[in-house]
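A.B. asks: structure for the following, please:
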Amino acid sequence: MSPNSPSYKKPIRKAIFPVAGLGTRFLPATKAMPKEMLPINDRPLIQHVFEEAREAGIEEFFFVTGRHKEMLEEHFDFQPELEATLQSRGKNDMLAKVRDSEIPAGKLFLTRQPKPLGLGHAIWCAAKLIGNEPFAVLLPDDLVLAEQGCLTQMVNLYNEQGGNVIAVRDVPKEDTKKYGILDIESDDGSCVKIKGLVEKPEPDIAPSTLSIIGRYILQPDVFKHLSNFETGAGGEIQLTDAMAKLIGTQPFHGLRFNGNHFDCGGRTGFIEANIAFSLCDKEISDSVQKIIQNYAN
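C.D. replies: Purely as a prediction, here's the structure:
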């Protein structure tokens, strides 16, 4: 099939959210609570990425969960007692926020990743649910603060180029061993044509400093490669390795998105994201600014 085939431009309706991790870097806070429920300003991490996906036109939401993740499902469910209480007290603004966090019936699907075998394995766990459609992947640890959501920007590029699209950003050369890194064929400053991907290369052999962040639009062909359960860096089944095998057979591009990226998988990135999102909240931004100034002095 030609890389320019219209079949590589089918609409993106489904998104996978890998949420099976233990969140060990936030212990003891995550001892009983999923790390995806940790709050950034007034809503949990998982809701931020859900809203980004919804804005981009995603219609069906697939959570790849693990043990003790029931709170994630409950958060997006209808809460009649809470809504009735808010309504009776005239707290209509809060009621609107609660209702906006609900995922409609028949649109939320859950599957389990029973063992932590890597991101690639987590994505494979949703293969039967996705079927033969292109899909998005959003990692809740990665937040992007932007006027237009990161995934919306990616969908716009996908509608032009088709195939596969990943969000990318430059990292310090010494940090390439922490990320999936691009081997670049061409780069116009925004859209990058990719000729190869390398998972966590050492700085001296990294083909570039352009790294993948946790946003992907992928063709279902990637499941064929993931189903081989080949292990890569860290002894895990790496999504990057499976994606690399699509290059040359399908369009494959990286997008330098507009917006600020926060790695909320660690405490400092989590704190930075809270500050940034709070400063954009008109209700509290002035107070937050004063708090920052007090501590800066």
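A.B. asks: okay, CA-based contacts and neighbour counts for the rest of this
C.D. replies: Fine.
A.B. asks: roughly how far apart are residue 19 and residue 137?
C.D. replies: Counting by Cα to Cα, to the nearest Å, the gap between residue 19 and residue 137 amounts to 11 Å.
A.B. asks: neighbour-wise, which of those two wins?
C.D. replies: Between residue 19 and residue 137, counted using other Cα atoms under 10 Å, the more crowded position is residue 19 (25 against 21).
A.B. asks: isn't the more buried one up against residue 62?
C.D. replies: No: using Cα atoms under 8 Å as the test, residue 19 is too far from residue 62 to be in contact (9.9 Å).
A.B. asks: all helices of the stretch 101-250 of the chain, in order?
C.D. replies: Along the stretch 101-250 of the chain, counting by DSSP state H, counting those that start in this stretch, helices occupy 119-124, 127-130, 150-161, 222-226, 239-244.
A.B. asks: in the fourth one, which residues are buried?
C.D. replies: Of the residues in helix 222-226, those with enough neighbours to count as buried (16 or more other Cα atoms under 10 Å) are 222-223, 225-226.
A.B. asks: try the second one
C.D. replies: By 16+ other Cα under 10 Å, the buried positions in helix 127-130 come out as 127, 130.
A.B. asks: using CSV, write out every CA atom in it.
C.D. replies: Taking Å, rounded to 0.1, in the frame of the first residue of the first chain, the C-alpha atoms of helix 127-130 are listed here in CSV:
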residue,chain,number,x,y,z
ALA,A,127,-5.4,-3.8,20.6
LYS,A,128,-8.7,-5.7,20.5
LEU,A,129,-10.5,-2.6,21.6
ILE,A,130,-8.9,-0.4,19.0
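A.B. asks: how far does it sit from its chain's centre?
C.D. replies: 18 Å (Cα atoms, centre = their mean, to the nearest Å).
A.B. asks: now swap in the fourth one and tell me
C.D. replies: With Cα atoms, centre = their mean as the basis, the distance from the averaged C-alpha position of helix 222-226 to the chain average is 19 Å.
A.B. asks: now swap in the third one and tell me
C.D. replies: Its chain's C-alpha centre and that of helix 150-161 lie 15 Å apart, by Cα atoms, centre = their mean.
A.B. asks: which other residues reach it?
C.D. replies: Helix 150-161 has contacts (Cα atoms under 8 Å, 6 or more residues apart in numbering) with 9, 12, 52-53, 55-57, 144, 164-167, 215, 217, 251, 255, 257-259.
A.B. asks: so where's this structure shaky on pLDDT?
C.D. replies: Scanning the chain for pLDDT under 70 picks out the ranges 1-7.
A.B. asks: run the last query once more with 50
C.D. replies: Scanning the chain with the threshold set as pLDDT under 50 gives 1-2.
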